[in-house]
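Engineer: okay, predicted coordinates and the sequence, questions at the end:
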Amino acid sequence: MVEVRSQISALETDLMHEKKKFASAIVRVENMSNQDGRWIGNLIFNISAICAEALDNHITAVQRDHEQRSQIEERRRRNEAAIEEARKEKALQEEKLLQEKAKAKG
């Protein structure tokens, strides 16, 4: 009978020890899960920040490109207008010169 009680006591001690190990393992798993969750959250945040920065850089580059193209187009229009104005002025001067020559002859 004493031997049975001794075995029961030993089994209870082992059971208590296993319960503590199990509880400790559960706590470790929960901590890892929380750490992984924080790690994943941080990773998502960092990826989002990188994407936002890349998008901002892209939008800035597109806007700069659009502005440069607009400036080039505006310069082209001004140049064409200046050339047209110079042609008209030259034609007017030639017409004047022809009229003066015709007047001088006639």
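Structural biologist: Cool, the structure landed.
Engineer: and residue 52, how many neighbours?
Structural biologist: 10 (other Cβ atoms under 10 Å). Bear in mind the C-beta positions are built from the backbone N, C-alpha and C, glycine included.
Engineer: and it, how far is that from residue 87?
Structural biologist: Separation of residue 52 from residue 87 (Cβ to Cβ, to the nearest Å): 52 Å.
Engineer: residue 64 now?
Structural biologist: Where residue 87 is concerned, residue 64 sits at a distance of 35 Å (Cβ to Cβ).
Engineer: where does the chain dip in pLDDT?
Structural biologist: For the chain, residues meeting the criterion pLDDT under 70 lie at 106.
Engineer: where along it do the strands fall?
Structural biologist: Per DSSP state E, the chain carries no strands over any range.
Engineer: ranges for the helices of it?
Structural biologist: Taking DSSP state H to define them, one finds helices in the chain at 2-105.
Engineer: what about residue 57, how many residues nearby?
Structural biologist: Residue 57, neighbours per other Cβ under 10 Å, totals 10.
Engineer: for residue 53, same thing?
Structural biologist: 10.
Engineer: also residue 21?
Structural biologist: Counted with other Cβ under 10 Å, residue 21 comes out at 10.
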